[in-house]
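A.B. asks: Generate a structure from the sequence data that follows.
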Amino acid sequence: MSRDRDRTRDSDGAPSSDGGESTPVQRGPNPPTPTESDGGRSSPFGPRWAIVRRELRSLRSEKTIVLALAIQLVIAGFSSFLVVGLVSLYDPSSVDGQGYEVAITGTDEETVERLAALADERDGIQPRLADGDGASEAFDRGEVAALLEVTETPDGRLAVDASVPDEGLETTLLVVQLQEVLETLEHDERVANADSLETQPLPTPEEVEASPYVEFTYTILVPLLVFLPVFISGSIVVDSLIEERSRGTLELLRVSPLSVLDVVDAKLLSIAALAPLQVIAWLALLSVNGTGIAEPTALIALTAALALLITTAGAGIALLAPDRRQAQLSYSVGIVGLLVVAALLPEHPANTVAKLAIGSPTTVTWLSLAGYCLLAAGAFLAVRAGLERRSADDL
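C.D. replies: So this is what the prediction gives:
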């Protein structure tokens, strides 16, 4: 029996298919070489794409990130409703129901009465006529919120001195309302004295009532939706890289076909790409709500440049900081420092966003956009060069 079984096997020990004749079996290498159907060579983007998918899947477990995205989604999706309530915080003159008693005094009774009539037309201001001493005493005792003193200069011009208390927000509200009253008085004086002009001034266009909602949308809401994804992306990069270092998983990723530089690149670029994708969604939702964006492509390019700049800075901080606490503190301080430096620029980034959104970019606006793109590319290349010089064991 054993001899019969031996005859049915070939020289390599493989059983014969017909029991009598042997069939040779070819053994391949271990591991097998890639076939032509597999492309013949392994693509370097495969491992990078695996890291990108892993990074994006990990974001779903971050409740803080998900909550921040949900808040932005609500703001962009329901902007037409939220702006009505939020504009009262941005435009103090839109707040009704707050009344201030203002004492008005002066030597010219006709002008005083005219100023009192203009103040009475404003919601929230209650004019009170008084003599000079009585008005000053009432202001000192706190019986009136403000004091307006009307005088006439030697050349016949009117001068109004306004006195308000230094009490923060209420004073700000009052100053805004008094400023509008005085601007109305100035306009009336110019119209009344137009006949005495020696030369005819240029005609001015008719006054158009400006909507505070439009101003709030383009100067506050749109920049908010552009900058929030940028700052969030930078924070994600810091958390991701410092967590990889603390857990030792960055060491494990070194055995993959990618180098540490490629791993950091995959993480950085995948998270930086989230910001412009979010802005595309927010701009689409704003358009649905009736808020038109004049230069959407430029806004997306600006967001991508800022996101690359901030995430690159965050990656550098995460690779140099000893622990997560120091990394987050350094990142927060760095962002505050960037905001201070941005205030010294010829055009603030928020103004750049507003001008691109409303359709009034200047030469400085386009130069600022180009500068942000060059700065982001330079920062990215600088971090790559620094990683190439450092040993992987130092990370």
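A.B. asks: Which residue lies closest in space to residue 387, excluding its sequence neighbours?
C.D. replies: Leaving out its chain neighbours, the residue that sits closest to residue 387 by C-beta to C-beta, 6 or more residues apart in numbering is residue 261, at 4.9 Å. Yep, even glycine has a C-beta here, placed from its N, CA and C like the rest.
A.B. asks: State the distance from residue 346 to residue 367.
C.D. replies: Look at residue 346 and residue 367: by C-beta to C-beta, to the nearest Å, they are 8 Å apart.
A.B. asks: Check which helices and strands the helix or strand where the residue nearest to residue 387 lies sits against.
C.D. replies: For residue 261, the element it lies in under DSSP states H and E is helix 260-272. Here helix 260-272 touches helix 45-59, helix 222-247, helix 249-253, helix 296-320, helix 363-389, going by 3 or more C-beta pairs under 8 Å, 6 or more residues apart in numbering; DSSP states H and E.
A.B. asks: could I get those as CSV with mean neighbour count and mean pLDDT?
C.D. replies: Shown next, in CSV, are those (neighbours: other C-beta atoms under 10 Å; pLDDT from 0 to 100):
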stretch, mean neighbour count, mean pLDDT
helix 45-59, 14, 64
helix 222-247, 22, 85
helix 249-253, 15, 64
helix 296-320, 23, 91
helix 363-389, 15, 90
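A.B. asks: Share the number of residues neighbouring residue 108, please.
C.D. replies: By other C-beta atoms under 10 Å, 13 other residues sit near residue 108.
A.B. asks: which ones are touching it?
C.D. replies: Going by C-beta atoms under 8 Å, 6 or more residues apart in numbering, residue 108 touches 150, 152, 158.
A.B. asks: rerun that using 7 Å as the cut-off
C.D. replies: Applying C-beta atoms under 7 Å, 6 or more residues apart in numbering, we find residue 108 in contact with 150, 152.
A.B. asks: Likewise for residue 361?
C.D. replies: So residue 361 contacts 295, 355 (C-beta under 7 Å, 6+ apart).
A.B. asks: what about 8 Å?
C.D. replies: Contacts of residue 361 by C-beta under 8 Å, 6+ apart are 295, 298, 352, 355.
A.B. asks: most surrounded residue in these?
C.D. replies: residue 352 (26 neighbours).
A.B. asks: coming back round to it: double-check the residue nearest to residue 387 against residue 385; I have them as touching.
C.D. replies: No. Using C-beta atoms under 8 Å, residue 261 is not in contact with residue 385, being 9.9 Å away.
A.B. asks: Okay, now the unreliable bits of the protein?
C.D. replies: For the chain, the stretches with pLDDT under 70 are 1-69, 71-99, 167-170, 194, 196-213, 215, 249-258, 390-395.
A.B. asks: how is it carved up into domains?
C.D. replies: 62-84+211-388, 98-191 (automatic domain parsing).
A.B. asks: ranking these by burial, who's on top?
C.D. replies: Compared across these, domain 62-84+211-388 shows the largest average neighbour count, a mean of 18 (mean count of other C-beta atoms under 10 Å).
A.B. asks: now the contacts of residue 361 in CSV, with distance to residue 315?
C.D. replies: Below are these laid out as CSV (distance: C-beta to C-beta, whole Å):
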residue, distance to residue 315
295, 29
298, 26
352, 24
355, 30
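A.B. asks: Would you confirm that residue 103 belongs to a helix?
C.D. replies: No. Counting by DSSP: H, G, I helix; E, B strand; the rest coil, residue 103 falls outside a helix, being strand.
A.B. asks: which residues does it contact?
C.D. replies: Contacts for residue 103 (C-beta under 8 Å, 6+ apart) come out as 128, 129, 130, 134, 135, 138, 139, 144, 146, 147, 148.
A.B. asks: That one and residue 362: what is the separation?
C.D. replies: Using C-beta to C-beta, residue 103 is found at 45 Å from residue 362.
A.B. asks: go on, residue 126?
C.D. replies: From residue 126 to residue 362 the distance is 43 Å (C-beta to C-beta).
A.B. asks: the helices in the stretch 101-250 of the chain, which residues?
C.D. replies: In the stretch 101-250 of the chain, the helices defined using DSSP state H, counting those that start in this stretch lie at 109-121, 132-141, 169-192, 212-216, 222-247, 249-253.
A.B. asks: Just name whatever secondary elements the fifth one is in contact with.
C.D. replies: So that's helix 222-247. Counting contacts by 3+ C-beta pairs under 8 Å, 6+ apart, helix 222-247 packs against helix 45-59, helix 63-77, helix 249-253, helix 260-272, helix 274-288, helix 296-320, helix 324-342, helix 349-358.
A.B. asks: Please identify which of the contacts of residue 361 is nearest to residue 247.
C.D. replies: residue 352 (39.3 Å; C-beta to C-beta).
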